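# could you look at this predicted model? Sequence included:
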Amino acid sequence: MKIVHATSECVPYAKTGGLGDVVPSLSKALAEKGHEVYIFLPKYGTITTNGITLLKENIPLHFGDQNTFFNLYHLKTPEGVNAMFIDYAPLFDRNGIYGISGKDFPDNGIRYLYFARAVIESCLILNLNPDVFHSHDWQASFIPTYLRTLYSGNEQMRNTASVLTIHNLSFQGLFDPAEVWHSTYLDDNLFQMEGLEFFGKVNYLKGAIIFSTLITTVSPSYSKEIQEEEQGCGLQGLLKNRSTTLYGVLNGIDDTIWNPELDSLIPQKYSLAHLEGKKMCKHELMQQCGFNGREELPVIGIISRLTPQKGFDLVLKSKDALNAAPLRLAILGTGMKEYEEAFQQWSKERPDKIYLRIEFNEGFAHLIEAGSDMFLMPSKYEPCGLNQMYSLKYGTIPIVRNTGGLADSIVDFATDPNNGTGFKFYDYSSLGLLNAIETALSVYAHNIIWKQMIIRGMKQDFSWHKAANTFVELYSNAISLMR
Ligand code: ADP
């Protein structure tokens, strides 16, 4: 099968969150199963030409009343995945992915419109004839829309299936029609409620929800949650209409990257059979956090975007109780100023209790996973979440709110002690959070039970193998629906 992914993020080139991890690891798993896989992403200013080769120069694209030309760069990864970079400097040669210093670029609507066209045009000029286009999130959403509209008369594209994966429904790509509609080249009758219009804006994701052959989202629970008002972000009705073609597939993790046995970013590798290394990692983490002595106190790790979605208002509200509890917090994150400042203030008041690093730092993220005893994800909603699965792999016990992918990937010790892999709370409240932490602390005090939990977690298999098989089945369904 020939599969073309279109994405705005892909490690090691561009990542702001889970999307950047998911696309390459799914692609790798698909390539290992013998499929021909391409990943298209924009060539941002941070992606150098080192190691990638120019495949095609000056590909013409009429866009927004202009004759533009873009280049296509290529790299074949050791796993056999074709990474394809759309090089169009006026829109992509910038130092940020979506913006700089937390401020979005004002022309993001145009940027990702161009991206979608350039991906389709590249496939045409290379005669790729993909069996399926797999678009990720709003940034790649115009591909399924175009396949059924602008390119529907094209011989090569007419029957091409498309799959949309919604990684986070809160980000829909909403733009002022005055700024983008003309450049879409879509018929004006598509700018209405049954089409891409959404409260006066052009909604990129909505178009893909309407036009994709199949839709997936990143966990079974989230696929149900987004069909209801609370988490449907205004699109619940449309998603419910598509419920027979909407699937929840839990993301996998790349256990060649997130694996304490192979991880060269941590001070000491370790495994189920040799857990001693985890103690050294904790020691190093404590050093870097400036936590002195009392190695027996549990360290709770957090690695996250600091946004309301992730539930940090609950943590901040619980400050006094957490200050009084026998634990320490190691936090790595960037995001909203008010959260950054509140945590910063807290870490100044209690440097013995809480350490905060405000940056995006892959190495420190690995150290937190390896060196922490517990990992906290109090999310208000969580489409899938990756860190809880990374944590299990590193023998770091997750404390999570029971929502989305967190609900699907963690078994609550409190309700099922023989199979429990973590601790859950259900109500979105600081009381719920503190209860779960308290339960975790009381189990932590029992060495044998705690070690059993660590072992149970490390034995879980969240590799992409299973999810990739599900995707192959879904691609086949999508292809047969187009026949
Ligand atoms: P989301 O995509 O909603 O941000 P996920 O849990 O799906 O959340 O994925 C987040 C990914 O981004 C994880 O791989 C996590 O380790 C990483 N991450 C988040 N913030 C940082 C940071 N400040 N430094 C390093 N990695 C980070």
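Great, that's in hand.
# am I right that residue 113 sits in a strand?
No - when classified by DSSP: H, G, I helix; E, B strand; the rest coil, residue 113 is found to be helix rather than part of a strand.
# wait, what's in contact with it?
63, 142, 180, 183, 184 (Cβ atoms under 8 Å, 6 or more residues apart in numbering). (Each C-beta comes from the backbone N, C-alpha and C, glycine too.)
# same thing but 6 Å
Listed by Cβ atoms under 6 Å, 6 or more residues apart in numbering, the contact partners of residue 113 are 142, 183.
# for residue 395, same thing?
With contact set as Cβ under 6 Å, 6+ apart, residue 395 has these partners: 278, 454, 458.
# near the ligand too, which of the residues you listed?
With Cβ under 6 Å from any ligand atom as the criterion, those include none near the ligand.
# neighbour-wise, which of these leads?
residue 278 (24 neighbours; other Cβ atoms under 10 Å).
# sorry, back to before: so which of the contacts of residue 395 is the closest to residue 416?
Here the nearest of these to residue 416, counting by Cβ to Cβ, is residue 454; it sits at 16.5 Å.
# give the buried residues for whichever strand or helix holds that closest one.
Taking DSSP states H and E as the criterion, the element that holds residue 454 is helix 447-458. Counting neighbours by 16 or more other Cβ atoms under 10 Å, one finds that the buried residues in helix 447-458 are 450, 453, 454, 456, 457, 458.
# kindly report the same for stretch 83-97.
Residues of stretch 83-97 classed as buried: 83, 84, 85, 86, 87, 88, 91, 92, 94, 96, 97 (neighbour count, 16+ other Cβ under 10 Å).
# need the contacts of residue 395 in TSV (columns: distance to residue 112 and pLDDT).
Below are these laid out as TSV (distance: Cβ to Cβ, whole Å; pLDDT from 0 to 100):
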residue	distance to residue 112	pLDDT
278	42	98
454	42	98
458	39	98
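# doesn't residue 36 make contact with residue 2?
Yes - distance between residue 2 and residue 36: 4.6 Å, which falls inside the contact criterion (Cβ atoms under 6 Å).
# circling back to that earlier point, could I get the buried residues of stretch 83-97 as TSV with pLDDT and secondary structure?
Supplementary listing: the buried residues of stretch 83-97 in TSV, determined by pLDDT from 0 to 100; DSSP: H, G, I helix; E, B strand; the rest coil:
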residue	pLDDT	secondary structure
83	98	strand
84	98	strand
85	98	strand
86	98	strand
87	98	strand
88	98	coil
91	98	helix
92	98	helix
94	97	coil
96	95	coil
97	97	coil
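# farthest pair in the residues you listed?
84 and 96, at 21.0 Å, using Cβ to Cβ across those.
# enumerate the residues of the stretch 1-150 of the chain near the ligand.
Near the ligand, the residues belonging to the stretch 1-150 of the chain are 17, 18, 21 when assessed by Cβ under 6 Å from any ligand atom.
# and those, which are buried?
Buried positions within those, assessed by neighbour count (16+ other Cβ under 10 Å), are 18, 21.
# okay if I get the residues of the stretch 1-150 of the chain next to the ligand as a markdown table plus pLDDT?
Rendered in a markdown table, the data for those read as follows (pLDDT from 0 to 100):
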| residue | pLDDT |
| --- | --- |
| 17 | 88 |
| 18 | 89 |
| 21 | 93 |
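# columns secondary structure and distance to residue 116 on top of the residues of the stretch 1-150 of the chain next to the ligand, output as TSV?
Supplementary listing: these in TSV, determined by DSSP: H, G, I helix; E, B strand; the rest coil; distance: Cβ to Cβ, whole Å:
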residue	secondary structure	distance to residue 116
17	coil	21
18	helix	21
21	helix	22
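# check residue 152 and give its pLDDT.
As summarised for this prediction, residue 152 has a pLDDT of 96.
# now it. Nearest residue, chain neighbours left out?
Spatially, and ignoring its direct neighbours in sequence, residue 152 is nearest to residue 158 (6.5 Å; Cβ to Cβ, 6 or more residues apart in numbering).
# part of a helix, is the one you found?
No - for residue 158, which was evaluated using three-state DSSP, the result is coil, with no helix membership.
# ramachandran angles for it?
The phi and psi torsions at residue 158 (degrees, to the nearest 10) take the values phi -50, psi -40.
# can you tell me how far it is from the ligand?
34 Å (Cβ to the nearest ligand atom, to the nearest Å).
# likewise residue 202?
When distances are taken as Cβ to the nearest ligand atom, residue 202 and the ligand turn out to be 24 Å apart.
# swap in residue 280?
Remark: distance between residue 280 and the ligand (Cβ to the nearest ligand atom) = 21 Å.
# helix/strand/coil for that residue?
helix.
# and the pLDDT for it?
pLDDT, read off for residue 280, is 97.
# with adjacent residues omitted, what lies nearest to it?
Spatially, and ignoring its direct neighbours in sequence, residue 280 is nearest to residue 268 (4.0 Å; Cβ to Cβ, 6+ apart).
# one more: residue 271?
Across the structure, with Cβ to Cβ, 6+ apart as the measure, the residue nearest residue 271 apart from its sequence neighbours is residue 261 (4.6 Å).
# check residue 208 too.
Using Cβ to Cβ, 6+ apart and skipping residues adjacent in sequence, the residue nearest residue 208 is residue 141, 3.7 Å away.
# contacts only, for that neighbour.
204, 205, 207, 208.
# state the distance from the residue sitting furthest away from the middle of the chain to residue 323.
With distances taken as Cα atoms, centre = their mean, the residue sitting farthest from the centre of the chain turns out to be residue 293, at 36.0 Å. Residue 293 sits 18 Å away from residue 323, taking Cβ to Cβ, to the nearest Å as the criterion.
# give me the neighbour count for the closest residue to the ligand within the stretch 101-250 of the chain.
Closest approach of the stretch 101-250 of the chain to the ligand (Cβ to the nearest ligand atom) occurs at residue 168, with a separation of 6.0 Å. Counted with other Cβ under 10 Å, the burial measure for residue 168 works out to 23 neighbours.
# any idea which element it lies in?
Using DSSP H and E, no helix or strand contains residue 168.
# does it really touch residue 381, like I thought?
No - at 8.9 Å, residue 168 does not count as touching residue 381 under the criterion of Cβ under 6 Å.
# can you pull the contacts of residue 31?
Residue 31 makes contact with 37, 79, 80, 81, according to Cβ under 6 Å, 6+ apart.
# report how many residues lie close to the residue nearest to residue 337 when sequence neighbours are not counted.
The shortest distance from residue 337 to any residue other than its chain neighbours is 7.7 Å, reached at residue 102 (Cβ to Cβ, 6+ apart). By other Cβ under 10 Å, 12 other residues sit near residue 102.
# shaky segments in this structure?
Applying pLDDT under 70 to the chain flags no residue at all.
# do that again at 90, thanks
With pLDDT under 90 as the threshold, the chain has low-confidence stretches at 17-18, 50, 101-102, 158, 255, 293, 483.
# what residues of stretch 99-113 count as buried?
By 16+ other Cβ under 10 Å, the buried positions in stretch 99-113 come out as 108, 109, 110, 111, 112, 113.
# and stretch 419-431, by the same measure?
Burial within stretch 419-431, assessed by neighbour count using 16+ other Cβ under 10 Å, is assigned to 420, 421, 422, 423, 424, 425, 428, 430.
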